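>>> fold the following, please.
(one chain, ligands or ions: 1)
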Amino acid sequence: AKDPVRVLVTGAAGQIGYALVPMIARGVMLGPDQPVILHMLDIPPAAESLNGVKMELVDAAFPLLKGVVATTDVVEACTGVNIAVMVGGFPRKEGMERKDVMTKNVSIYKSQASALEKHAAANCKVLVVANPANTNALILKEFAPSIPERNISCLTRLDHNRALGQISERLSVPVSDVKNVIIWGNHSSTQYPDVNHATVKTPAGEKPVRELVSDDTWLNGEFITTVQQRGAAIIKARKLSSALSAASGACDHIRDWVLGTPEGTWVSMGVYSDGSYNVPAGLIYSFPVTCANGEWKIVQGLSIDEFSRKKLDLTAEELTEEKALAYSCLS
Ligand code: NAI
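Numbering: from 1, shown residues only. Coordinates of the predicted model:
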């Protein structure tokens, strides 16, 4: 039998945490033959609620779940973890400025970076979900210099899946037949959902989405804004954030990273830019990636038309500004 993998979920008493921990314990993230030990962190005001989640995990009698650590101590939470899913953060409350939210979150990510660096297992893979996800991940990277930058990522897989879902609905095809959309840039409303390389499996072979959806007005307009603003639409409908789909996207992200992407398929991940596609190096930016042997690689050589170029640059500019704001909050 395999040794258990230790998976940290921060903010585990929150909305996403509640949807995510049972998925991990059922093998959705790491596979049906991989035992896990869950480490759940939250803050003292949420300790009782966190303990309630632990009670439910016991009651669910998940065969793969070999242990649960539920704690408000960041060192205990981080010790020995192989995978860290960082969902904990400070939500934007009414009347708060962007800078106030940024200040709260970057200071959380700065201190959790140090705890992970000192106490996580060697080669721990980190996924940041909490917003501002790209910039929180960047701060985590900068304040955990001994964690290799290839091990730090942020979640844009939810946006990627949303784009697949929109194409699937539009063409009335199974979502599993649609692939190779791309989310470029920030997990924010400036993200660019790009279908220029996306395809659909048909009885006559793989066809470009651009050929099947002949309505360019929709593809260049409503499709993009629907994906960009889907989070807000869910909050409006549910009065709560998109926890189920975020949790599912987080599992997809880690599963593909660890177990590999299928041949001929790429996914979107927020990763440290090396300057590919003329995206400024030193930002955490969402790119198309393939994964094998536990490593991601940015897909190279895709053509970028003028429409796309502007959108790639716009979201990069926003990330550059966020980075500056984050640093001004820390100083
Ligand atoms: P939530 O407010 O229900 O849960 C957040 C949890 O984090 C709370 O239990 C809170 O006590 C905890 N927390 C706060 N500070 C902490 C700290 N220093 N250490 C550990 N835990 C801490 O929020 P929800 O809906 O679960 O969302 C979590 C985050 O994920 C938010 O920032 C949200 O904006 C973001 N999000 C990101 C998505 C993405 O695709 N990247 C999609 C949806 C949400």
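
>>> tell me if I'm right that residue 72 and residue 49 touch.
No - using CB atoms under 8 Å, residue 72 makes no contact with residue 49, being 11.2 Å away. C-betas here are computed from N, CA, C, even on glycine.

>>> name the residues contacting each of these two.
residue 42 (CB atoms under 8 Å, 6 or more residues apart in numbering).

>>> helices along the chain, start to end?
Counting by DSSP state H, the chain has helices at residues 15-25, 47-60, 74-78, 98-119, 133-142, 157-171, 209-212, 216-217, 223-228, 230-238, 243-259, 306-330.

>>> for these, which one ends up most surrounded?
Mean neighbour count (mean count of other CB atoms under 10 Å) peaks for helix 133-142 among those, with a mean of 26.

>>> could I get the contacting residues of the residue lying closest to residue 207 once chain neighbours are set aside?
Once flanking residues are discounted, residue 207 sits nearest to residue 200: 5.6 Å by CB to CB, 6 or more residues apart in numbering. By CB under 8 Å, 6+ apart, the contact set of residue 200 is 167, 171, 173, 177, 178, 206, 207, 209, 212.

>>> gap between residue 200 and residue 38?
According to CB to CB, to the nearest Å, residue 200 and residue 38 sit 37 Å apart.

>>> where does pLDDT dip in this protein?
Residue ranges of the chain with pLDDT under 70: none are present.

>>> for the stretch 201-331 of the chain, what lies in contact range of the ligand?
For the stretch 201-331 of the chain, the residues in contact with the ligand (CB under 6 Å from any ligand atom) are 241, 242, 243, 246.

>>> TSV please, covering those residues and showing distance to residue 277.
TSV is the format used below for these (distance: CB to CB, whole Å):
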residue	distance to residue 277
241	30
242	28
243	32
246	26
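
>>> pretty sure residue 155 is touching residue 246, no?
Yes - counting by CB under 8 Å, residue 246 is a contact partner of residue 155 at 7.3 Å.

>>> now residue 311: how far from residue 264?
25 Å.

>>> ok, residue 198 - contacts?
Here residue 198 is in contact with 163, 167, 178, 179, 180, 181, 182, 208, 209, 210 (CB under 8 Å, 6+ apart).

>>> what about 7 Å?
167, 178, 179, 180, 181, 209 (CB atoms under 7 Å, 6 or more residues apart in numbering).

>>> dump those to CSV, plus distance to residue 282.
Listed next are these as CSV, based on distance: CB to CB, whole Å:
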residue, distance to residue 282
167, 32
178, 33
179, 30
180, 27
181, 26
209, 32
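
>>> these: which two are farthest apart?
167 and 180 (10.6 Å; CB to CB).

>>> residue 92 and residue 101 touch, don't they?
Yes - with contact defined as CB atoms under 7 Å, residue 92 and residue 101 form a contacting pair (4.7 Å).

>>> tell me what residue 182 is bridged to.
On the basis of DSSP bridges, residue 182 is bridged to residue 194.

>>> ok, it - contacts?
194, 197, 268, 288.

>>> which single residue of the chain ends up nearest the ligand?
residue 14 (1.9 Å; CB to the nearest ligand atom).

>>> would you confirm that that residue contacts residue 89?
No - in this structure, residue 14 is not within contact of residue 89 by CB under 7 Å, at 8.7 Å.
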